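Engineer: Provided below are the primary sequence and the corresponding predicted coordinates.
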Amino acid sequence: MKNPDYLARSLGPIFLDQPLTHNTKIRLNEIDGTLNVSFPKTLKEKVSLIITSDLYLKKILLDFPTESNHSINLLYHFKKNEKREITFKLHPQSNVKIIESYLSIKPVKSDLTRVIELYHHAHLTLSSGVFMDGEHGFNDEILLKEIGARIDYDTLSIAHKQDSFKSTQNIRHLAKNTVSNVHNLMVVNHHAVIEFYVNGYIEKGMSGSNCKQQNRGVILSETGIVRVDPKLFIDEYDVEAGHGAAIGQINEDEMFYLLSRGLSESEAKRLILSGYTEPFVQSLDEGALKRTINQRIAKKVKGE
């Protein structure tokens, strides 16, 4: 099955399922059934990686060296049912920004596990947008393994029709002075279901750590379901920690105002939701991909 044109039109895409004999940006090798992707410290330009169903290796390691500074676009594109594991390893004092987009060309099932390892004063800024159709499970193990490690993690998930997304996020503070900020936004339409289970752990002795969770669900239909279960497991006194969850429908006063100005119901919903979705969309610098994701968001909000 041919890949959609917008993949090839992305800025300088690297398809991980194709031979990279002439690639000079990254290094690839296979070790014990895992595709190891190494990013040279000297690499300064943004890299776009594309993972499709044609990649036969089910485990991927993205390895960022000490004191590196990288910006990565990571696109998962599924054409069939998938089960994969991807590990992000940030070595000491690395500073990495990753923007993830999940797309499918038809309803599929997937089971995705991500392991994120952060070492001494490493910092990961991770933004994930999930726009697939079908039934999908996400399991995150975020390991703040050494002093000063930090993650800022935002997710945007939009589901409609019979879509079902279930995400478990385990954030483990395993060293002192570690920081995690997690923000999840969920939007459902029709009979779709999105579930988020967010667990923050601060081990005893890991003083000076900061663990924050924020979760917001927006329901566009009478039958859509958002479930959020945030939890904190704190074994240390000298820390900052907090969590929250807010789930509801679009503000009726905002809808009435926009409808009174001549907008259709779907247009009004899209405009209101754009305040939540635009930060992710605008972070994409690939025009073809940005247009595709805008179309997917509009389709799910309209209920098409």
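Structural biologist: Cool, the structure landed.
Engineer: mind listing the strands in the stretch 101-250 of the chain by residue range?
Structural biologist: Along the stretch 101-250 of the chain, counting by DSSP state E, counting those that start in this stretch, strands occupy 108-118, 123-130, 134-144, 150-159, 164-173, 179-188, 193-202, 210-219, 225-234, 240-249.
Engineer: what does the shortest one rub up against?
Structural biologist: This points to strand 123-130. 88, 90, 94-102, 116, 118, 136, 138, 149-158, 165, 280, 283, 293 (CB atoms under 8 Å, 6 or more residues apart in numbering). Bear in mind the C-beta positions are built from the backbone N, C-alpha and C, glycine included.
Engineer: Can you lay out the strands of the stretch 101-250 of the chain as a markdown table showing mean neighbour count?
Structural biologist: Putting the strands of the stretch 101-250 of the chain into a markdown table (neighbours: other CB atoms under 10 Å) gives the following:
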| stretch | mean neighbour count |
| --- | --- |
| strand 108-118 | 20 |
| strand 123-130 | 21 |
| strand 134-144 | 20 |
| strand 150-159 | 22 |
| strand 164-173 | 21 |
| strand 179-188 | 22 |
| strand 193-202 | 21 |
| strand 210-219 | 20 |
| strand 225-234 | 17 |
| strand 240-249 | 14 |
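Engineer: quick one, which of those strands is nearest to residue 63?
Structural biologist: Closest to residue 63 of those is strand 108-118 (CB to CB; 9.8 Å).
Engineer: picking that back up, now tabulate the strands of the stretch 101-250 of the chain in CSV and tack on mean pLDDT.
Structural biologist: Formatted as CSV, those follow (pLDDT from 0 to 100):
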stretch, mean pLDDT
strand 108-118, 96
strand 123-130, 96
strand 134-144, 97
strand 150-159, 96
strand 164-173, 97
strand 179-188, 96
strand 193-202, 97
strand 210-219, 94
strand 225-234, 95
strand 240-249, 88
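Engineer: Over to residue 280: give its phi and psi.
Structural biologist: phi -70, psi -50 (degrees, to the nearest 10).
Engineer: That one - how many residues pack around it?
Structural biologist: Look at residue 280: counted by other CB atoms under 10 Å, it has 21 neighbours.
Engineer: ok, it - contacts?
Structural biologist: Applying CB under 8 Å, 6+ apart to residue 280 gives the contacts 99, 127, 129, 154, 156.
Engineer: Just give me the neighbour total for the nearest residue to residue 204 once chain neighbours are set aside.
Structural biologist: Distances taken as CB to CB, 6 or more residues apart in numbering put residue 235 closest to residue 204, at 3.9 Å, once the chain neighbours are dropped. Residues near residue 235, counting by other CB under 10 Å, number 12.
Engineer: before we move on, what about residue 266?
Structural biologist: 15.
Engineer: Same check on residue 46?
Structural biologist: 15.
Engineer: Okay, it and residue 67: tell me how far apart.
Structural biologist: Separation of residue 46 from residue 67 (CB to CB, to the nearest Å) stands at 18 Å.
Engineer: before we move on, back to that, report the contact partners of the residue nearest to residue 204.
Structural biologist: Contacts for residue 235 were tallied using CB under 8 Å, 6+ apart; they are 202-204.
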